[in-house]
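Asks: With the input below, show me the fold.
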Amino acid sequence: MSRIGIDLNPFTHVICIDELKEASMQISDAEWVVMNLIWSTSPIEATEVIDHVAADNGWSAATVKTMLHRLVRKGALLTEQSGKKYLYTPAVRRDACVRQASRSFLERVFGGDATPALIHFVKIANLTDEDIAEIRAMLDKKTDRNTGVHG
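Replies: Sure, this is the predicted structure:
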């Protein structure tokens, strides 16, 4: 893994170039469809990607191939030639892309303010009792950390 050193006085921090790439990765809605498949099923051949996503989304094989090439150029996918076929594997982690897309959405739609975003999602989501309990526990834990309470 490539590393670069950035001197932030008085400490020196080492940041992985791959982490910087993931943090700035912009993936379109259509590319998310392709990436979700590849994150769950890799390595995968281009023909398999086409078989899985083209018909359901009304895309031609050429459209899917264009997306694959674009994702390779962006650094989101790696390719390996196997005979006459190409195998695709993710070059970025899903959780890092989700984090970046979430931050981008929060900035664009809610001006970076998480509170109205969370309130909005709680209002519109169909939450089970288990979901509510999990959210409540997470908020309680966050409150404890913010107030210095240790449980």
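Asks: show me what contacts Phe110?
Replies: Pro116, Ala117, His120 (CB atoms under 8 Å, 6 or more residues apart in numbering). Just so you know, the C-beta spots here come from the backbone N, C-alpha and C atoms, and that holds for glycine as well.
Asks: how far does the one helix or strand the last one maps to sit from the chain's center?
Replies: Looking back up the chat, that one is His120. Assigned by DSSP states H and E, His120 belongs to helix 114-124. Centre-to-centre, helix 114-124 and its host chain are 21 Å apart (CA atoms, centre = their mean, to the nearest Å).
Asks: for stretch 78-97, same thing?
Replies: Distance, centroid of stretch 78-97 to centroid of chain: 15 Å (CA atoms, centre = their mean).
Asks: Hmm, Ala61 is touching His52, no?
Replies: No - contact criterion CB atoms under 8 Å: Ala61 and His52 do not qualify, at 11.9 Å.
Asks: Looking at those two, which has the bigger crowd around it?
Replies: For Ala61 versus His52, the count of surrounding residues by other CB atoms under 10 Å is larger for His52: 18 against 13.
Asks: average pLDDT for the longest helix anywhere in the chain?
Replies: Counting residues, the longest helix found in the chain (DSSP state H) is helix 129-147. The pLDDT scores in helix 129-147 average 89.
Asks: and the angle from it to helix 114-124?
Replies: 160 degrees (axes from the mean of the first three to the mean of the last three CA atoms, to 10 degrees).
Asks: For Glu31, state which of the contacts of Phe110 is nearest.
Replies: Nearest to Glu31 among the contacts of Phe110 is Ala117, at 23.1 Å by CB to CB.
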